[in-house]
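> starting from these lines, generate the structure:
(2 chains)
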Amino acid sequence: MAIDQFFFYLALLGYLLGTLHYLLHIASRRLSIGRAATYATLAGFGAHTLSHIFRIYALRRPPLGSLYESLSFFAWAIVLIYLITEFRYQNRVIGAFVLPMVLLAGSAAAALPRRIAELGPTLQGVGLWVHVALAIFGNAAFALTFCTGLMYILQERQLKSRNPGRMHFRLPSLELLDDVGVKSLLFGFPLLTLALITGSIWAEYTRGSFLPLYGREAWSILSWLIYAGLLYARLSAGWRGRKAAILAIIGFCLVLFTLIGVSLLRGGRVL
Amino acid sequence: MEILVVGLSHKTAPIELRERLNVPEPDLPKPLEMMGESTDLVERMLVATCNRVEVYAVSEGPVEGAVEGITDCLATYRNVPKADFLDKLYTYTAGEAVRHVFRVASSLDSMVVGEPQILGQVKTAYSIAQAREATGILLNNLLEQAFHVAKRVRSETGIASSAVSVSSAAVELARKIFGDLTGRSVLILGAGEMAELALRHLLDDGVHSVLVANRSYDRAVALARQFHGRAVTFESFRQEMVGADIVISATSAPHVILKKEDMQAIIQQRRHRPIFLIDIADPRDIDPGCNAVDNVYLYNIDDLKSVVETNLKERKREAERAEVIIDREVGVYLTWLRSLDVVPTIVSLRQRVEQIRGAELQKALGRMDDLTPEQREVISAMSHAMVNKILHQPMTELKRRAALQDGHLYTSVLRRLFGLEEKEK
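Numbering: from 1, shown residues only, chains lettered A, B, ... in the order given. Predicted coordinates for the structure are as follows:
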């Protein structure tokens, strides 16, 4: 087993322990379990970072060339953004929603073929890597928007029912969830926009066509439009709360489809 | 030596009787002194709250006599005939007494399970008894352990984590909507005890600006002054709702004063910022349909009551988890208590010294091969004699002390000096 694989599995183990402890933490409310969750996730993240470094060293290019690589990078970026959020808001409940998703993305990556993809000459160049990295980071931010949106809807239902149950006590306040939701959106949207721009420029240079509206590009533009609409509604029309949360969930489903679904339709090719 | 608990509580006695037997805090030393003089209670403390009157004590004599002495003292001191409360009393001894003290301190025996006051009350009662030198090693250790258990129960279970009064439930809901309440504003419509109580809770939590609207402007001004708020005219309350985060409505209006259409218009003007409406009026002030408007959270008094009920059920569930912790801690305390018993201490000290003697004797004899059996016998007899002579004085003293009040002190020191604890493990 190559060394990058070893660290990748180590990272998955860390994320698995993190997931279990975050879930246990909200069930038991014990601080020590919450801390264990954070440490496990941090350890997983460290191992994951090492795995990327070794793969870059072996490939002599960024690890963004296959579906396995980009899913793994996607999981890594979500963890990075999540950990920053946890430290900033001092709230571990969000972890119980984010980490299972990370674990899912990581396990899905583990199940995919990991042979090193031979990339044609058109699929080289700094511009392309920048495009892919931006898109993945933007989408990772939207993963957090998605999770807090989901939690918002759960908490809102609890409050609206006027008979809040046990979930109500565990979940953070609507204010906090909305705040994380809008900040992650504000972080992700410029990245996605830049990714679209660099992608178009790259397409212009290599294929000679600007914005070819088929396949992945079309889906990317659609999800960009949804997020643009969401941002506009939030900032100018004062949309917030449930509607914003629902739109964030729809947007992210589209992102997932663009990232994974389209690749699978095209037989596992990412680029 | 027997640890015992004698008392009555909300579970056994009606409030009138509890009131008649209650001892106000400043008067606590007096009955403690009385008990010290007239009974053979070597350690004692009295916990008296409006929900319980209990004596925790260590008795030298038989339990029946101690109970009799305690009831006599209470009856004389509070001038209540014994017959009035004798059948309401409970008595716990040994493990059951320890469990009871732990449960009381952890608020598991409280009327509202998980309420935080009882721990403070027990602490005060303990420090008063301690200051009068009415407690000794057994009660000191029992109470210190009880405080530790209470802390564990609080942090490891949720028995105290949800609101169990209507006004604190309202605050808790507000926190789940707005997060931090610092800087939030509240608008009061009408007036009333419940409204003021809820307002006070909100102010304690950081809500800073208070608006008061009342049909009588003068009353609004009076109430506003009381809470450092601002009075507004009743007619303008809908405009004021655009700026307020929390609205407490308690008018005596015979019909709904806020309709769903009003609310929809207001939420538009608020740019959909969430608003928390608390309708505690009877009949209702706010159209229940308002809850269907996005970002509006409407709770009426019945909703709040049902939240409280749910929370109480949640506390009961958590209390079961707390009992498990208590079980374990009672075990720990009883083990410590048993270790103070003088007989096992003497036995294990003997064993310990005997073990050392045997080992050293073997070592010495092993180095001297050419001894005759007689010579060996002499050396062995000498080691026996030394051990017995050395142990004689401490053993006699220990046995004598065991019957006295500070006997456990001697055993515990002895056990520590000779490392007898470690050996048992």
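
> now do the contacts for B:Glu54.
B:5-9, B:46-48, B:104 (Cβ atoms under 8 Å, 6 or more residues apart in numbering or on different chains). All C-beta atoms are positioned from the backbone trio N, CA, C, and that covers glycine.

> keep only those of those that are in strands.
Mapping the contacts of B:Glu54 onto strands (DSSP state E) picks out B:5-9, B:46-48.

> specify which member of the residues you listed is nearest to B:Ala322.
B:Ser9 (17.8 Å; Cβ to Cβ).

> what about the closest residue to that closest one other than its chain neighbours, how many neighbours?
Nearest non-adjacent residue to B:Ser9, counting by Cβ to Cβ, 6 or more residues apart in numbering or on different chains: B:Arg52, 3.8 Å away. Residues near B:Arg52, counting by other Cβ atoms under 10 Å in any protein chain shown, number 24.

> same question for B:Gln268.
Counted with other Cβ under 10 Å, B:Gln268 comes out at 12.

> quick one, what contacts it?
By Cβ under 8 Å, 6+ apart, the contact list for B:Gln268 is empty.

> sticking with it, tell me its helix or strand.
Using DSSP states H and E, the element containing B:Gln268 is helix B:260-269.

> so where's the chain shaky on pLDDT?
Answering for chain A, as no chain was given. Chain A contains residues with pLDDT under 70 at A:1, A:115-124, A:207-216, A:262-271.

> wrong chain, I was asking about chain B
In chain B, residues with pLDDT under 70: B:339, B:402-407, B:421-425.

> which residue does the stretch 201-350 of chain B bring closest to chain A?
Residue nearest to chain A within the stretch 201-350 of chain B (Cβ to the nearest Cβ): B:Arg271, separated by 3.3 Å.

> now that residue: how far from B:Ser162?
Using Cβ to Cβ, to the nearest Å, one gets 32 Å for the distance from B:Arg271 to B:Ser162.

> those two: which is more packed in?
Using other Cβ under 10 Å, the more surrounded residue of B:Arg271 and B:Ser162 is B:Ser162, with 23 against 13.

> shouldn't that one be in contact with A:Phe169?
Yes. Here B:Ser162 reaches A:Phe169: they are 6.1 Å apart, a contact under Cβ atoms under 8 Å.

> which residues do these two both contact?
Joint contacts of B:Ser162 and A:Phe169 (Cβ under 8 Å, 6+ apart) are B:Glu314.

> what's the burial count for B:Ser209?
B:Ser209 has 16 neighbours, counted by other Cβ under 10 Å.

> next up, the contacts around it.
Contacts of B:Ser209 by Cβ under 8 Å, 6+ apart are B:185-186, B:229-230.

> just after the longest helix along chain B, pick out the following helix or strand.
Of all the elements of type helix in chain B, the one with the most residues (DSSP state H) is helix B:301-339. Of the helices and strands lying after helix B:301-339 in sequence (DSSP H and E), the nearest is helix B:342-367.

> that next one packs against which elements?
helix B:373-402, helix B:407-417, helix B:420-424 (3 or more Cβ pairs under 8 Å, 6 or more residues apart in numbering or on different chains; DSSP states H and E).

> tell me which parts of the stretch 51-200 of chain B are close to chain A?
B:155-156, B:158, B:161-162, B:173, B:175-180 (Cβ under 8 Å from any Cβ of the partner chain).

> and which of the residues you listed is nearest to chain A?
B:Gly179 (3.8 Å).

> contacting residues for that closest one?
B:Gly179 touches A:172-176, A:179, counting by Cβ under 8 Å, 6+ apart.

> likewise B:Ile177?
Taking Cβ under 8 Å, 6+ apart as the test, what B:Ile177 contacts is A:159, A:173-175, B:274, B:276, B:297.

> let me know the helix or strand that it is in.
Going by DSSP H and E, B:Ile177 is in helix B:166-178.

> run the angle between that helix and helix B:301-339 for me.
Interaxial angle of helix B:166-178 relative to helix B:301-339 (axes from the mean of the first three to the mean of the last three Cα atoms, to 10 degrees): 100 degrees.

> following helix B:166-178, which helix or strand comes up?
From helix B:166-178, the next helix or strand downstream (DSSP H and E) is strand B:185-190.

> helices or strands next to the following helix or strand past that following strand in the packing?
Next along the chain after strand B:185-190, taking DSSP H and E as the criterion, comes helix B:193-204. Applying 3+ Cβ pairs under 8 Å, 6+ apart, one finds that helix B:193-204 contacts helix B:166-178, strand B:185-190, strand B:246-250.

> let me have the ones you listed in CSV, adding distance to A:Ala47 as columns.
As requested, those are arranged in CSV below (distance: least, Cβ to Cβ, whole Å):
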stretch, distance to A:Ala47
helix B:166-178, 36
strand B:185-190, 49
strand B:246-250, 47
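
> residues contacting the residue in the stretch 101-250 of chain A that chain B sits nearest to?
Closest residue of the stretch 101-250 of chain A to chain B, Cβ to the nearest Cβ: A:Gly238 (3.3 Å). Counting by Cβ under 8 Å, 6+ apart, A:Gly238 touches B:271-273.

> can we see that at 6 Å?
Applying Cβ atoms under 6 Å, 6 or more residues apart in numbering or on different chains to A:Gly238 gives the contacts B:271-272.

> please apply the same query to A:Gly14.
By Cβ under 6 Å, 6+ apart, the contact set of A:Gly14 is A:40, A:43-44, A:47.

> could you chop chain A up by domain?
Using automatic domain parsing, the domains assigned to chain A come out as A:1-118, A:122-271.

> and the helices in the stretch 51-200 of chain A?
Remark: helices assigned in the stretch 51-200 of chain A by DSSP state H, counting those that start in this stretch are A:67-89, A:95-111, A:126-160, A:166-170, A:174-207.

> may I see the buried residues of the shortest one?
Of the residues in helix A:166-170, A:168-170 count as buried by neighbour count, 16 or more other Cβ atoms under 10 Å in any protein chain shown.

> would you list those residues in TSV and tack on distance to chain B?
TSV is the format used below for the buried residues of helix A:166-170 (distance: Cβ to the nearest Cβ, whole Å):
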residue	distance to chain B
A:His168	7
A:Phe169	6
A:Arg170	10
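
> and which of those residues is nearest to B:Leu142?
Taking the buried residues of helix A:166-170 together and measuring to B:Leu142 by Cβ to Cβ, the closest member is A:Phe169, at 33.4 Å.

> the closest one and A:Gln155, how far apart?
In terms of Cβ to Cβ, A:Phe169 sits 10 Å off from A:Gln155.

> what do those two both touch?
Common neighbours of A:Phe169 and A:Gln155, counting by Cβ under 6 Å, 6+ apart, are absent.

> and the closest residue in space to B:Asn214 that isn't next to it in sequence, which of the three is it?
Take B:Asn214 and drop its neighbours on the chain: the residue closest to it by Cβ to Cβ, 6+ apart is B:Ala220, 3.8 Å away. Counting by DSSP: H, G, I helix; E, B strand; the rest coil, the backbone at B:Ala220 sits in helix.

> my guess is B:Ala220 contacts B:Val210, does it?
No. Between B:Ala220 and B:Val210 there is no contact under Cβ atoms under 6 Å: 11.0 Å.

> format the contacts of A:Gly14 as TSV; extra columns: neighbour count.
Putting these into TSV (neighbours: other Cβ atoms under 10 Å in any protein chain shown) gives the following:
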residue	neighbour count
A:Ala40	21
A:Ala43	17
A:Gly44	28
A:Ala47	19
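
> identify the farthest-apart pair in those.
Counting by Cβ to Cβ, the most remote pair of the contacts of A:Gly14 is A:Ala40 and A:Ala47, 10.7 Å apart.

> CSV for the contacts of B:Ser209, including neighbour count?
Formatted as CSV, the contacts of B:Ser209 follow (neighbours: other Cβ under 10 Å):
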residue, neighbour count
B:Ser185, 18
B:Val186, 25
B:Gly229, 22
B:Arg230, 16
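
> and the residues you listed, which two are the farthest apart?
Pairwise distances across the contacts of B:Ser209 peak at 11.4 Å for B:Val186 and B:Arg230 (criterion: Cβ to Cβ).
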